[in-house]
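Engineer: Return atomic coordinates for the entry below.
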Amino acid sequence: MNIDRRQLALPVLALGLMSVVPAFAGADEDAVAKNVEAFRAAQAAGNAEGIASLCAEELSYSHSNAKVDTKAALLDGIAKANYKWTSLEYKDPTIRVVGPTAIVRFNFVGEQEFTDGKKTPQNLHILMNWQKQGNDWKLLSRAATKL
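Structural biologist: Numbers count the residues shown, from 1 in each chain. Take a look at the predicted model:
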């Protein structure tokens, strides 16, 4: 059996590319994780500007009460909020990068304190979809389910 160099080139090239792809996926997962944490920190602080920079213009943001906000409505709601977060954690996050999108899931656990002093615990399951736009990852959609 005679094998020439051309027959070996494709399998060798394929093996080389397979070793590079996970490195890109890991870098993307790290970038998404950084943005998810930045979103949590901005949310906990009520920082609308910090959230704005992380969201796509086409954002669809669904709350656990089924209300759906656009980016503008979400930012307006944050700016006019009559509560502050006394605690907010994103527990057990998972990130799965699929091409130019990332699927993020976590348990959202926190407590809100309203201006009248009432405190309300939150325990939700969150699904976020992030989209790579240029070199940045932007939140494209979010859905919340009460637990």
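Engineer: Give me the spatial nearest neighbour of G50, chain neighbours excluded.
Structural biologist: Once flanking residues are discounted, G50 sits nearest to A42: 3.1 Å by C-beta to C-beta, 6 or more residues apart in numbering. All C-beta spots, glycine's among them, are computed from the backbone N, C-alpha and C.
Engineer: D30 versus that neighbour, what's the distance?
Structural biologist: A42 is 19 Å from D30, where distance means C-beta to C-beta, to the nearest Å.
Engineer: neighbour count winner among these two?
Structural biologist: Neighbour count, other C-beta atoms under 10 Å: between A42 and D30, A42 has more, with 18 against 12.
Engineer: Please tell me I have it right and the more buried one contacts I51.
Structural biologist: Yes: look at A42 against I51 with C-beta atoms under 8 Å: they come within range, at 4.7 Å.
Engineer: which residues do these two both contact?
Structural biologist: Shared contacts of A42 and I51 (C-beta atoms under 8 Å, 6 or more residues apart in numbering): none.
Engineer: what bridges to V98?
Structural biologist: Note on V98: beta-bridge partners by DSSP bridges are T101.
Engineer: Now do it: how many residues are near it, please.
Structural biologist: Neighbour count for V98, taken as other C-beta under 10 Å: 10.
Engineer: Tell me where the protein has strands.
Structural biologist: Using DSSP state E, the strands of the chain run over residues 55-62, 68-69, 83-98, 101-114, 119-133, 136-146.
Engineer: Buried residues, the last one. List them.
Structural biologist: Read that as strand 136-146. Across strand 136-146, burial judged by 16 or more other C-beta atoms under 10 Å covers 137-144.
Engineer: Equivalent analysis for the longest one, please.
Structural biologist: Of the residues in strand 83-98, those with enough neighbours to count as buried (16+ other C-beta under 10 Å) are 85, 88, 90, 93, 95, 97.
Engineer: which one among those gets closest to D76?
Structural biologist: W85 (17.7 Å; C-beta to C-beta).
Engineer: Correct me if wrong: the closest one contacts V109.
Structural biologist: No: applying C-beta under 8 Å as the test, W85 and V109 come out as separate, 11.0 Å apart.
Engineer: out of everything not next to it in sequence, what's closest to L139?
Structural biologist: Per C-beta to C-beta, 6+ apart, closest to L139 is C55, 4.8 Å.
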